[in-house]
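>>> please work out how this folds:
(chains A and B)
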Amino acid sequence: MRFGVGLFSLQSTAMQPAHWAAAYRDMRELASTMESLGYDELWLSEHHFFYDGYCPALLPAAASVLSVTERLRVGTGMLLLPMRDPQRLTAVAKDLMQRSGGRLDLGVGMGYRDIEFDGHGMSRKQRLPRMVAGLETLEAAESSGGPPIWMGAQLHDPVKRAGLRGHPILFSAALPFERCRTLAKIWEEGWVEGGRPASAKPPLGALRNIWLTEDPKEREAARDWVRASYVQYAGLGWTLPAIGEHVQADFAEETDKAIADTVETTITGSADECIRQLREFESIGIHHIAFRLMLDGAPRAALESQLRRLAEGVLPRLGDKVPA
Amino acid sequence: MARLVEAHGLFGVLAGAGNPMTAITAAVYASTATEFVRIGVRVAVGLEHPITIAEELSILDNVNAGRTIVVADTAELDQESAADEIAVLREALANRPIQHAGPRWKVPAGHPANVTAPASISVTPKPAQLEIPFWLTGRHASAIGRVMSLPVVAAETREVHQPPLVQPAMTSITGSLNPDREHVIAWAATGVTHLLLAPPAGADLQALLTMLSRYLGPEVLMPHFPRVMSDSRVPLPWPGDRQA
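Alright, predicted model coming up:
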């Protein structure tokens, strides 16, 4: 398995204010720490026009990390493709691949907030055709120095489309294991229907809320940071598909329940317990795990401590023998 | 190159002179390789939506902690279109919500299908600088520079007239949330972009700063602040590293 950390979104929240320049500096420093501890990947996240400065431009942010590291891969989880000019995006991504020695993973998603589309001069109704056109441009570039493409989706049809196109998925941390198992199977169906052998499928990825601790007080705090983080997403009009259903359910009216359910996805406990649960993901073809440790309320000292604990207790027993 | 420029004590480096499409990555790499020099970034307008460009420039300015200079190239656009692109860029990089209706761009676009989109947007994060230096180059630079009072990169030297994008002000607050909120709202309504606040004598500064960062800043100065944030509990503190 390969392990990363995310989602770096460079926010200055009402609960945990910071200077944005400090947030970008901290990310570079944490990336160097991650690299020295043996992590493989760092994942970024995008939104626009949010009060807390949620990172709206992932490739410049990725460039800042890639420019100060040598081995760590940087992924966009997810770059909102319909809002970009695909030709320019491809040029920037290829330039970044060339500068970094090929360490960029380009995760792309469609976006869902009206304000983000309107602020970029387009209607949300245009997002699917723009997404498809953008993918075609990126796919053409992938074979000539462009980055590997990942996709973000959590509903059946988009997950299957990703499989059909042959792109791996990075699943949301908010999805329980059983939901990930269902979606992984749907993705594989798409992969095979696309005319590819099942044996050649690429590993999938998943973000996971996790906190390695046997201290009940720290466990309580970590789960509360997860809660606080999803309050942020509630503010962003967060939506999550209902478990076991195709339709997208808007949890705006059931925010507290949705957040509480998501907190329950958090893996906590000893190293053995964390490993036991992570092996379940490995068993369904999810070999990239991004620990979702960038939590609202978690101070940097706690984050660094957790990075070290996971690096010492989990990575040596589950990580690939050959670094990424 | 950027390291060399810094080592030689020169004032700055221009990224993207060779390929304007990829100037942003060159500028970021120059930024993290240096500590002090200014990072000029060539922005050929018309290659991407100006709000996207503004977002990238704001990230760049935070990565280099406020050392960015924008060198906007009017490139292939006609004068009117280039002027509109530059106007949107500059408005988006200022510290206030924007509502722009020009010959080339309307921001926000106001598409009827975007039913929950508001009448204004605020590009975030804000640049680290109060105002990013904005220079012009290209075929229409002189004409646009005259109208917008922006410096033009040319053989002749010009005096730079700063446009009124940054409007600082200074006032006092009481430390009581509701009257302070009304006071700050009144200042915001004038169009002020940076408000210096004098605390009351003997104030608990920790509490006062918490009030500013948690309430007055997000609620008053940022548009579209979600109520769920201010109604939510403060996350628990970390009890400390007990693993050792």
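
>>> domains for chain B, by residue range?
For chain B, automatic domain parsing gives the domain ranges B:2-148, B:168-231.

>>> and those, which one is worst for confidence?
With a mean of 82, domain B:168-231 has the lowest mean pLDDT of those.

>>> that one vs chain A: in contact?
Yes. Contact of domain B:168-231 with chain A (Cβ under 8 Å from any Cβ of the partner chain) involves B:213-215, B:217-218, B:222-226, B:228-230. Quick note: C-beta positions are derived from backbone N, CA and C, even for glycine.

>>> and those residues, which of them are buried?
B:213, B:214, B:215, B:217, B:218, B:222, B:223, B:225, B:226, B:228, B:229 (16 or more other Cβ atoms under 10 Å in any protein chain shown).

>>> which of those fall in helices?
B:228, B:229 (DSSP state H).

>>> so which of the buried ones among the residues of domain B:168-231 next to chain A are in strands?
The members of these all map outside strands under DSSP state E.

>>> using the three-state scheme, assign residue B:210.
Look at residue B:210: counting by DSSP: H, G, I helix; E, B strand; the rest coil, its state is helix.

>>> separation between it and residue B:184?
15 Å (Cβ to Cβ, to the nearest Å).

>>> who's more crowded, these two?
Counting neighbours by other Cβ atoms under 10 Å in any protein chain shown for residue B:210 and for residue B:184 shows that residue B:184 has the greater number, 22 against 14.

>>> give the contact list for the more buried one.
By Cβ atoms under 8 Å, 6 or more residues apart in numbering or on different chains, residue B:184 lies in contact with B:173, B:195, B:216, B:220, B:221.

>>> most tightly packed of the domains of chain B?
domain B:2-148 (a mean of 20; mean count of other Cβ atoms under 10 Å in any protein chain shown).

>>> got the end-to-end distance for that one?
Domain B:2-148 has its terminal residues 30 Å apart, counting by Cα to Cα, to the nearest Å.

>>> and stretch A:106-115, by the same measure?
Note: stretch A:106-115 ends 23 Å apart using Cα to Cα.

>>> now stretch B:61-74
End-to-end span of stretch B:61-74 (Cα to Cα): 21 Å.

>>> where does residue 241 land on pLDDT?
Let's take chain A. 48.

>>> look at chain B instead
So residue B:241 comes in at 85 (pLDDT).

>>> so the closest residue to it other than its chain neighbours is in which element?
Excluding its sequence neighbours, the residue lying closest to residue B:241 (Cβ to Cβ, 6 or more residues apart in numbering or on different chains) is residue A:305, at 4.7 Å. Secondary structure assignment for residue A:305, by DSSP states H and E: helix A:300-313.

>>> what do you get for residue A:70?
For residue A:70, there is no helix or strand it lies in under DSSP H and E.

>>> also the one 5 residues further on?
Assigned by DSSP H and E, residue A:75 belongs to strand A:73-76.

>>> measure how far that strand is from the centre of its chain, please.
From the chain centre to the centre of strand A:73-76 is a distance of 9 Å (Cα atoms, centre = their mean, to the nearest Å).

>>> buried ones in that strand, by neighbour count?
So, applying 16+ other Cβ under 10 Å, buried residues of strand A:73-76: A:73, A:74, A:75, A:76.

>>> output the contacting helices and strands for that strand.
Counting contacts by 3 or more Cβ pairs under 8 Å, 6 or more residues apart in numbering or on different chains; DSSP states H and E, strand A:73-76 packs against strand A:2-8, strand A:41-44, helix A:58-66, strand A:104-109.
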